[in-house]
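Asks: everything below, folded, please.
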Amino acid sequence: MKRMISLLAGLACAAPVMAQPDGLVYAFDLRGVNEFFTFDPSNAAGGATLIDNFNVNQYDTFAIGFSVDRNTLWAVTFPALELGTIDLATGAFTATTILSGDVVSGLDNVGGISFDPNGTVYINTGTDLLTLDINTGVATFVGPFNSFGLMIDIAIDSQGNMYGMDISDDSLYSIDKTTGAATIVGVSHGLAANFAQGMDFDWSDDVLYGAIYTGGGTGQWCSYNLADGTVNQLFNTTAFGSDFGGAEMEVAIRSVAGGGPVCIGDIADDNGNLGADGMVSFGDFLALLGLLGPCPGGTPGCTGDIADDNGNLGGDGMVSFGDFLALLGLLGPCP
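Replies: Alright, predicted model coming up:
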């Protein structure tokens, strides 16, 4: 600990490195065209960019969600229940393990995967909430949603608050992560969530976005009002082009808490509160002190795990002295 304190006292400026997340929406459109594409919700006129088609005969659908650092897109396939990652450049899926454990059979064609800021991973069966060890694929039952319908997707904001979309009443619910209990937020938003399954938070401002099914294989992109559950804004998806379907569309937003530029080591504000602020500084060292220890499940890349024990960049599954050492070479504003 004395050595760490000495490091904090001797911070020196250095060149920042490697800008990371880009804030784009990544989506699988499963309405028949079976495409993996991306679009910038702040620039609809720019349209959608097709990355690749995928084999729907092999995978009926996906549940997708970004890791805490927003650099890895994880996915669960149905009905095979394979867990793996998706290459953002090609759309290729690489399986790492098969889901096992509590009530995973209920995940068939229903479910979302979402990362809590603390590293815990959650999935849902439509009626139940589970945690997921992404290293082993083992799912652990948390509790029932205590709602009368079918929770088609879940999403967690940058502060750890979980929400779900119930397609039986087209309503938004807040979810207790410790019990799974779901509480309706206000009233039904009045639009058909159906099997759109596309919902995620933009961690830069904690706005909840989602895909709405409008019939005939088409859909609408919208944001939700978390105060009353209504649709806050509908976006012109025509501008996104034919790639945007909305029906049976899985989405994940690649953004981080705090907004602005983000780089390796930028995990907190000046006071040590988790959430990037565009600067690697004393606050990031303070935040690391509260993160010391192994990553959840031993999986490298959790918040604060940026280097090995010698300070070489690259997660090793542990937040330790090497991460403090690496931060010394990253001090300064993000690119």
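Asks: how many neighbours does Gln233 have?
Replies: Gln233 is flanked by 11 other residues according to other Cβ atoms under 10 Å. Where you see a C-beta, it was placed from the backbone N, CA and C, and this is true even at glycine.
Asks: could you pull out the helices for this structure?
Replies: Taking DSSP state H as the criterion, the chain carries its helices at 2-9, 282-289, 321-328.
Asks: list the buried residues of stretch 263-276.
Replies: Buried positions in stretch 263-276, judged by neighbour count with 16 or more other Cβ atoms under 10 Å: Cys263, Ile264, Gly265, Asp266, Ile267, Ala268, Asp269, Gly272, Leu274, Gly275, Ala276.
Asks: what's the third one sitting at in phi/psi?
Replies: Backbone torsions for Gly265, taken as degrees, to the nearest 10, come to phi 90, psi -20.
Asks: that one touches Phe324, doesn't it?
Replies: No. When contacts are counted by Cβ atoms under 8 Å, Gly265 is not listed as touching Phe324 (10.2 Å).
Asks: where does pLDDT dip in the stretch 1-150 of the chain?
Replies: Scanning the stretch 1-150 of the chain with the threshold set as pLDDT under 70 gives 1-22, 30-34, 42-46, 54-61, 103-110, 147-148.
Asks: and the strands in it, which stretches?
Replies: Taking DSSP state E, counting those that start in this stretch as the test, the strands found in the stretch 1-150 of the chain are 25-29, 35-39, 48-53, 61-66, 73-78, 82-86, 93-98, 100-101, 113-115, 121-124, 128-132, 138-144.
Asks: and the residue nearest the centre of this protein?
Replies: Centroid-nearest residue in the chain: Phe66, 3.5 Å away (criterion: Cα atoms, centre = their mean).
Asks: check contacts around the nearest residue to that one once chain neighbours are set aside.
Replies: Leaving out its chain neighbours, the residue that sits closest to Phe66 by Cβ to Cβ, 6 or more residues apart in numbering is Ala252, at 5.2 Å. Contact analysis of Ala252 by Cβ atoms under 8 Å, 6 or more residues apart in numbering lists Val25, Tyr26, Ala27, Ile64, Gly65, Phe66, Leu73, Asp200.
Asks: apply 6 Å and report the result again.
Replies: Residues near Ala252 by Cβ atoms under 6 Å, 6 or more residues apart in numbering: Tyr26, Ile64, Gly65, Phe66, Asp200.
Asks: partner residues bridging the residue nearest to Leu73 when sequence neighbours are not counted?
Replies: Nearest non-adjacent residue to Leu73, counting by Cβ to Cβ, 6+ apart: Ile86, 4.4 Å away. Under DSSP bridges, the beta-bridge partners of Ile86 are Leu73, Phe93.
Asks: re earlier: which of the buried residues of stretch 263-276 fall within strands?
Replies: Among those, no member is found in strands (DSSP state E).
Asks: tell me the one of the residues you listed nearest Asp40?
Replies: Ala276 (19.2 Å; Cβ to Cβ).
Asks: ok, that closest one to Asn124 distance?
Replies: The gap separating Ala276 from Asn124 is 28 Å, by Cβ to Cβ, to the nearest Å.
Asks: now do Pro117
Replies: 18 Å.
Asks: more crowded one of those two?
Replies: Legend: neighbour count by other Cβ under 10 Å for Pro117 and Asn124, higher for Asn124 (27 against 18).
Asks: mind listing what the more buried one touches?
Replies: By Cβ under 6 Å, 6+ apart, the neighbours of Asn124 are Gly111, Gly112, Met151, Ile154.
Asks: distance to Gly219 for those - can I get that in a markdown table?
Replies: Below are those laid out as a markdown table (distance: Cβ to Cβ, whole Å):
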| residue | distance to Gly219 |
| --- | --- |
| Gly111 | 19 |
| Gly112 | 17 |
| Met151 | 19 |
| Ile154 | 19 |
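Asks: and those as CSV, adding neighbour count and distance to Asn225?
Replies: Formatted as CSV, the contacts of Asn124 follow (neighbours: other Cβ atoms under 10 Å; distance: Cβ to Cβ, whole Å):
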residue, neighbour count, distance to Asn225
Gly111, 26, 25
Gly112, 27, 20
Met151, 27, 19
Ile154, 26, 18
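Asks: can you verify my assumption that the residue nearest to Leu73 contacts Phe93?
Replies: Yes. Using Cβ atoms under 6 Å, Ile86 is in contact with Phe93, at 5.4 Å.
Asks: the longest strand anywhere in the chain - contacts with which helices or strands?
Replies: Using DSSP E, we find that the single longest strand of the chain is strand 207-215. Packing partners of strand 207-215 (3 or more Cβ pairs under 6 Å, 6 or more residues apart in numbering; DSSP states H and E): strand 218-224.
Asks: Asn135: neighbour count?
Replies: Asn135, neighbours per other Cβ under 10 Å, totals 17.
Asks: mean confidence score for the longest strand of the chain?
Replies: Averaging pLDDT along strand 207-215 gives 79.
Asks: check which residues of it are buried.
Replies: Within strand 207-215, the residues scored as buried using 16+ other Cβ under 10 Å are Val207, Leu208, Tyr209, Gly210, Ala211, Ile212, Tyr213, Thr214.
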